[in-house]
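Chemist: Take a look and give me a structure for this.
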Amino acid sequence: MESRSAFRVISWNIARGSKLEGILEFLATANADIIFLQEADKSARRTGYRNIAKEIAQKLRLNYVFGCEFEELAQGSTSSPAYHGQASLSRWPLSNSSILPFHKQSNFWRPRWFIPRLSSLQRRRGGRMALFSQVLTPDRSVATYNLHFESRGSDDLRYSQLHELLEDLKRCSPDVPVIAAGDFNFDLSQGQPAAALADVRFVNPFATLRQATTVTHSLPARDRVIDCILLRGPLIGTDAHVHSSVLASDHYPLSLTVSFC
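Modeler: Okay, the predicted model is just below:
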């Protein structure tokens, strides 16, 4: 039986928000208390110069904070630059938000003199990061990390970014409830990443599902288990679910019921 203090968490890489109607349709019926979005556009040509995170927050009547991951150099103008990043939304107040930029980055995205600033080539200024916020639930404050690890590069690079997250986690004492969610771009359920998470007592409620979290169009199908919601401290996660029927992005939304213990 669920605790009265149980709340619902969703994490979703929304692929810029280009299918905003489908995104809103799912989120409006999901009844989530905390939502972590990755790849949200702001003022980009490809998404109609909309502020995707703001529109979602206003439609759902949620508080939100946006963290800029990249300036999209071919999507805006000098008077109206375009940005791309993570957004954390909550029905409760958000406080002490900050960006944790990872020191280890791929150089794939950076502008170069010999590459034209065309939208198809996606030149960017910035880097992968985690958006930290405290969610002030009625029961107690929860520390949250909204993450997006590098898609271009090796698992060694992604493991370095995971290590930076775990180092930053030292700011939170072991009794502080922590949620870390997002697009990790590699599988956290086995090997070195799983061992590193276990060392700091992170629990992965999705580890046993072994269900693809991205849409695949390749034959044979390649299951990519790269999105996750992690818990640490006095939290219990139940009803972990990958919503593979929702096709408003190239990633599926993940949901989890979380309660204090």
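
Chemist: show me where the stretch 1-150 of the chain has strands.
Modeler: 7-16, 34-42, 63-72, 82-90, 94-101, 124-126, 129-136, 141-148 (DSSP state E, counting those that start in this stretch).

Chemist: May I see these arranged in CSV, with distance to L231, mean pLDDT and mean neighbour count as well?
Modeler: C-beta: built from backbone N, CA, C; applies to glycine. Conversion of the strands of the stretch 1-150 of the chain to CSV gives the following (distance: least, CB to CB, whole Å; pLDDT from 0 to 100; neighbours: other CB atoms under 10 Å):
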stretch, distance to L231, mean pLDDT, mean neighbour count
strand 7-16, 9, 98, 23
strand 34-42, 12, 98, 27
strand 63-72, 21, 97, 20
strand 82-90, 16, 98, 25
strand 94-101, 19, 98, 14
strand 124-126, 29, 90, 17
strand 129-136, 13, 98, 23
strand 141-148, 10, 98, 23
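
Chemist: Reformat those strands as JSON lines; add distance to H251.
Modeler: Shown next, in JSON lines, are these (distance: least, CB to CB, whole Å):
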{"stretch": "strand 7-16", "distance to H251": "4"}
{"stretch": "strand 34-42", "distance to H251": "8"}
{"stretch": "strand 63-72", "distance to H251": "15"}
{"stretch": "strand 82-90", "distance to H251": "13"}
{"stretch": "strand 94-101", "distance to H251": "22"}
{"stretch": "strand 124-126", "distance to H251": "19"}
{"stretch": "strand 129-136", "distance to H251": "17"}
{"stretch": "strand 141-148", "distance to H251": "11"}
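
Chemist: Can you say which of those is nearest to E164?
Modeler: Among these, strand 94-101 comes nearest to E164, with 7.2 Å by CB to CB.

Chemist: so what strands line up beside that closest one?
Modeler: Using DSSP bridges, strand 94-101 pairs in its sheet with strand 129-136 (antiparallel).

Chemist: Determine how far the partner strand lies from the middle of the whole chain.
Modeler: 11 Å (CA atoms, centre = their mean, to the nearest Å).

Chemist: hmm, which helix or strand of the chain has the shakiest average pLDDT?
Modeler: Least confident helix or strand, the chain: strand 124-126 with a mean of 90, by mean pLDDT, DSSP states H and E.

Chemist: Off-centre distance for it?
Modeler: Distance, centroid of strand 124-126 to centroid of chain: 18 Å (CA atoms, centre = their mean).
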